[in-house]
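Asker: The following block contains a protein sequence and its predicted model.
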Amino acid sequence: MQNDQDQPSISFIGAGNMARAILGGLVANGYNPEKIWASAPEDSHLQALRSDFGIYTTTDNRHCASQADILILAVKPQIMAEACQDIASVVQNTRPLAVSIAAGLDSETIGNWLGGDVPMVRCMPNTPSLVGKGATALYATDGVSRDQRDTVTDIFSSIGLAVWLEQEEEMHAVTALSGSGPAYVYMFIEALTDAGVKQGLSRKDAAKLSAQTVYGAAKLAIETGKHPAILRDEVTTPGGTAIAAVSSLEEHGL
């Protein structure tokens, strides 16, 4: 993280779970909370952010936006148009870098809602960001500077992995992979747990073992950098139970 003097001010329009995850990661990694603002329609949604992180809050989106060098748009997609159009005059005057975390809305659409000609980063974080283990894909429009890209990398690295895309169209694949991917993993954990219960384990023990197994396997893949097929072969011994299970999974199209 940059030192306090060099840190740009960051404003969050919207204060839901993902906004909380991002600003929590920032503060935990040394970002000055006095450089962070957040807005929401009701002050009751902001009280915990003030007390937990020491940031500034307001129920006035325009005032929040006016404080920003980096403006993070963290409202739900269905209200993004209204929120952007409300702050468009401020954005056109102050010219912050806009960062959208809204799924399914392209940078051109959001830029038009903000009045046009706005440097923007579009990103797709996923729900493990809530525990600092997220995977976020990022795409920058032509008007985003190298320094701004570096700052956005720092922001999203505070909640996990950050990867830049070359083409905005790649966001469709990201949505299916890392955006929706946690749902697939939870189904796998649930299936492992049910299988453990079927074999006589308590559900509590089966659930713990299943989740830790997935977590540990993923961590091993990340830290070793080995191809998943190699790691799989390291588990499977000839004629053993693991290779029998793998064969069954392959036969059923996993």
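Answerer: Thanks, I have the structure now. Numbering: from 1, shown residues only.
Asker: Could you find the residue nearest the spatial middle of this structure?
Answerer: The structure's the chain has its C-alpha centroid closest to residue 125; by CA atoms, centre = their mean the separation is 2.2 Å.
Asker: doesn't residue 134 make contact with it?
Answerer: Yes. Between residue 125 and residue 134 there is a contact under CB atoms under 8 Å: 5.1 Å. From N, CA and C alone the C-beta is placed, and that goes for glycine too.
Asker: Run through the helices of the stretch 1-150 of the chain in chain order.
Answerer: 17-28, 47-53, 61-66, 77-94, 107-113, 146-157 (DSSP state H, counting those that start in this stretch).
Asker: which helices and strands does the second one pack with?
Answerer: Pointing back at helix 47-53 there. Using 3 or more CB pairs under 8 Å, 6 or more residues apart in numbering; DSSP states H and E as the contact definition, the elements that helix 47-53 packs against are helix 17-28, strand 56-58.
Asker: Alpha carbons of the longest strand seen in the chain, as PDB, please.
Answerer: In terms of residue count, the longest strand belonging to the chain (DSSP state E) is strand 134-140. Extracted in PDB, the C-alpha atoms of strand 134-140 (Å, rounded to 0.1, in the frame of the first residue of the first chain):
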ATOM      1  CA  GLY A 134     -11.600 -13.600  -3.400                       C
ATOM      2  CA  ALA A 135     -10.800 -13.800  -7.100                       C
ATOM      3  CA  THR A 136     -11.400 -10.600  -9.000                       C
ATOM      4  CA  ALA A 137     -11.200 -10.000 -12.800                       C
ATOM      5  CA  LEU A 138     -10.500  -6.400 -13.900                       C
ATOM      6  CA  TYR A 139     -10.900  -4.600 -17.200                       C
ATOM      7  CA  ALA A 140      -9.800  -1.000 -17.800                       C
END
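Asker: Would you list the strands that that strand pairs with, along with their directions?
Answerer: strand 120-124 (antiparallel), strand 160-164 (parallel) (DSSP bridges).
Asker: Same list, the ones you listed, but as TSV with mean pLDDT and mean neighbour count please.
Answerer: Below are those laid out as TSV (pLDDT from 0 to 100; neighbours: other CB atoms under 10 Å):
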stretch	mean pLDDT	mean neighbour count
strand 120-124	96	24
strand 160-164	97	17
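Asker: okay, those in a markdown table with distance to residue 71 next?
Answerer: Shown next, in a markdown table, are the strands paired with strand 134-140 (distance: least, CB to CB, whole Å):
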| stretch | distance to residue 71 |
| --- | --- |
| strand 120-124 | 9 |
| strand 160-164 | 18 |
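Asker: Show me the one of these that comes nearest residue 73.
Answerer: Closest to residue 73 of these is strand 120-124 (CB to CB; 9.1 Å).
Asker: And the contacts of the closest one?
Answerer: 97-101, 103, 105-107, 110-111, 136-141, 143-144, 148-149, 152, 156, 168, 171, 174-175, 178-179 (CB atoms under 8 Å, 6 or more residues apart in numbering).
Asker: What angle do helix 146-157 and it make with each other?
Answerer: Going by axes from the mean of the first three to the mean of the last three CA atoms, to 10 degrees, strand 120-124 is angled at 20 degrees with respect to helix 146-157.
Asker: Could you tell me the angle between strand 120-124 and helix 17-28?
Answerer: Going by the same axes, to 10 degrees, strand 120-124 is angled at 110 degrees with respect to helix 17-28.
Asker: next one: strand 120-124 to chain centre, how far?
Answerer: From the chain centre to the centre of strand 120-124 is a distance of 11 Å (CA atoms, centre = their mean, to the nearest Å).
Asker: Please save the CA atoms from that strand in PDB.
Answerer: Below are the C-alpha coordinates for strand 120-124, written out as PDB (Å, rounded to 0.1, in the frame of the first residue of the first chain):
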ATOM      1  CA  MET A 120     -13.500   3.300 -15.800                       C
ATOM      2  CA  VAL A 121     -12.500  -0.100 -14.500                       C
ATOM      3  CA  ARG A 122     -15.100  -2.900 -14.600                       C
ATOM      4  CA  CYS A 123     -14.500  -5.700 -12.200                       C
ATOM      5  CA  MET A 124     -16.100  -9.000 -11.100                       C
END
